[in-house]
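[1] Only the shape, not the letters, is given here:
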């Protein structure tokens, strides 16, 4: 009897221990929770694999809840892109036949997570020829498309399901005759932030700032800060270390030793919003902010906190693997030199072939010329200049357009044609840009040379226009 009791006791203790480990893993994340994932996640979402509730808003949420989660993260991007296939198009009764072929009102129809065996680029889990479900008559409508493989629709230079603005016929026609390199070839310049008159004055000494005495003795910090745009704009230490947006630390001590992205966002709202929507900050947006191991000791801090280069799927510099990505990862604290953030910060982490080939490339040489004062402002091309391009948005305070760096890399990532309008066409003609992005060899070499690929989109448009003019002239002469 005692032996039976012992076995039951061991079994109960083992079950309880297993339950504790399982509960801890599910609550705090880490390998335990990962083991319950039905499959590898896409490159766009793998960072938040442990934040299950970011997509599964409740344990038994269905497709409707998943759709709300998708739109919650990506809705603003789709609106900005002027989505070519919005849900309202398929809710129109006139398109009922198309909806029967492809349930295009739900994101998960095309983008299903945890299915690595069928996942393609951009997280697509449908066969590449899905366009043919609705556009099977394209060969009759457009003679240029006769004989084309429908699986090539998504190639760079052809069609992007959600945003075809770079390939609209009127846009192709308008820019058809542009030179490969424009003159002047310059990118947008960010406007220098100047506080409203009378609200701030330049600060000339760190002693004038309202930092605690214990933080005023570091000459290096003081020199960096005094040379920064913050000091020139009248933003003192408390502007970042004791911001209006109070955190538990600030409430308890009145001072934040290491301000996070929320302190930056209190002034740099557009940039901060883009940061948490992009690859660098999306874990913060999903609530993954813990920076210490969980109480059970089962989960490493890197699995819980901000994004770290070691968690990336692209090759990263080994010495940067353990860095927590925040605003100051790229914009060094106190100096906040944006110029360092444009190249040095990027190459400090990224070690893929495209990134490594930037040094010595034509783009890099153009940037060195600008920095040396031998070329116009905006003529240099940096890592951030392409992947965090400068865009214009209306300033809610002034009503005027303000140019700022878009920190959401998703806006210019796959498909590559998303880069054409905000980036490539600042310096290059449309035709050259389309061909360059379609040339994988050229992309890998960081555009050291001319494109060998040839996309016929512009040629087809011009041919159609010419044929249309010929038919119109024939009608005129027959009258």
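    Received it, and whenever you're ready, just let me know what you need. It should be emphasised that the depicted structure is a prediction, and the values quoted were computed from it without experimental measurement.

[2] Off-centre distance for the helix or strand encompassing residue 384?
    Using DSSP states H and E, the element containing residue 384 is helix 383-387. Relative to the centre of its chain, helix 383-387 is centred 11 Å away, using Cα atoms, centre = their mean, to the nearest Å.

[3] Also stretch 269-288?
    Relative to its parent chain, stretch 269-288 has a centroid offset of 9 Å by Cα atoms, centre = their mean.

[4] Any buried residues in it, and which?
    Neighbour counts using 16 or more other Cβ atoms under 10 Å place 270-286, 288 of stretch 269-288 among the buried residues. Just so you know, the C-beta spots here come from the backbone N, C-alpha and C atoms, and that holds for glycine as well.

[5] Among those, which ones are in helices?
    Here DSSP state H is the test, and the buried residues of stretch 269-288 give 270, 271, 272, 273, 274, 275, 276, 277, 282, 283, 284, 285 as lying in helices.

[6] Verify the contact between the second one and residue 261 for me.
    Right, residue 271. No - Residue 271 is beyond contact range of residue 261, at 9.5 Å (criterion: Cβ atoms under 8 Å).

[7] Assign a three-state SS to the closest residue to residue 190 other than its chain neighbours, would you?
    In space, and not counting its chain neighbours, residue 190 is closest to residue 403: 5.1 Å by Cβ to Cβ, 6 or more residues apart in numbering. With DSSP: H, G, I helix; E, B strand; the rest coil as the basis, residue 403 sits in strand.

[8] Now do the same for residue 169: its pLDDT.
    pLDDT, the model's per-residue confidence, is 87 for residue 169.

[9] give the contact list for it.
    Going by Cβ atoms under 8 Å, 6 or more residues apart in numbering, residue 169 touches 461, 464.

[10] From residue 257, how far off is it?
    57 Å (Cβ to Cβ, to the nearest Å).

[11] which SS class is residue 375?
    Of the three states, residue 375 takes coil under three-state DSSP.

[12] so it touches residue 369, yeah?
    Yes - counting by Cβ under 8 Å, residue 375 touches residue 369, with 3.9 Å between them.

[13] didn't residue 314 look like it was pressed against residue 352?
    Yes - with contacts counted by Cβ under 8 Å, residue 314 reaches residue 352, the gap being 4.9 Å.

[14] just the strands in the chain please.
    All strands of the chain, identified by DSSP state E, fall at 390-394, 401-405.

[15] Show me which positions of the last one end up buried.
    Pointing back at strand 401-405 there. 402, 404, 405.

[16] now the closest residue to residue 449 other than its chain neighbours: how far from residue 453?
    Ranked by Cβ to Cβ, 6+ apart and with sequence neighbours excluded, the top spatial neighbour of residue 449 is residue 442, at 6.2 Å. Distance, residue 442 to residue 453, using Cβ to Cβ: 8 Å.

[17] what's the overlap in contacts for the two?
    Residues touching both residue 442 and residue 453 (Cβ under 8 Å, 6+ apart): residue 436.

[18] now the helices: where do they sit in the stretch 101-250 of the chain?
    138-141, 169-174, 219-226, 229-232, 237-241, 248-253 (DSSP state H, counting those that start in this stretch).

[19] Distance to residue 4 for these - can I get that in JSON lines?
    Formatted as JSON lines, the helices of the stretch 101-250 of the chain follow (distance: least, Cβ to Cβ, whole Å):
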{"stretch": "helix 138-141", "distance to residue 4": "74"}
{"stretch": "helix 169-174", "distance to residue 4": "80"}
{"stretch": "helix 219-226", "distance to residue 4": "69"}
{"stretch": "helix 229-232", "distance to residue 4": "72"}
{"stretch": "helix 237-241", "distance to residue 4": "64"}
{"stretch": "helix 248-253", "distance to residue 4": "52"}
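
[20] between those, which gets nearest to residue 318?
    With Cβ to Cβ as the criterion, residue 318 lies closest to helix 219-226 of the helices of the stretch 101-250 of the chain, at 27.1 Å.

[21] Could you pull out the buried residues of the closest one?
    By 16+ other Cβ under 10 Å, the buried positions in helix 219-226 come out as 221, 222, 224, 225, 226.

[22] which stretches of the stretch 301-450 of the chain aren't confidently modelled?
    Within the stretch 301-450 of the chain, the segments meeting pLDDT under 70 span 301-304, 396-397.

[23] do that again at 90, thanks
    Along the stretch 301-450 of the chain, segments meeting pLDDT under 90 span 301-306, 311, 322-324, 332-333, 335-341, 391-404, 409-418.

[24] Show me the helices in it, by range?
    327-330, 338-342, 344-349, 353-356, 362-371, 383-387, 430-438, 440-444.

[25] Let me know which of those is tucked in deepest.
    Comparing the helices of the stretch 301-450 of the chain by mean neighbour count (mean count of other Cβ atoms under 10 Å), helix 430-438 comes out on top with a mean of 23.

[26] Can you tell me which helices and strands that one packs against?
    In terms of contacts (3 or more Cβ pairs under 8 Å, 6 or more residues apart in numbering; DSSP states H and E), helix 430-438 is packed against helix 440-444, helix 457-478.

[27] run the last query once more with 10 Å
    Here helix 430-438 touches helix 169-174, helix 440-444, helix 457-478, going by 3 or more Cβ pairs under 10 Å, 6 or more residues apart in numbering; DSSP states H and E.
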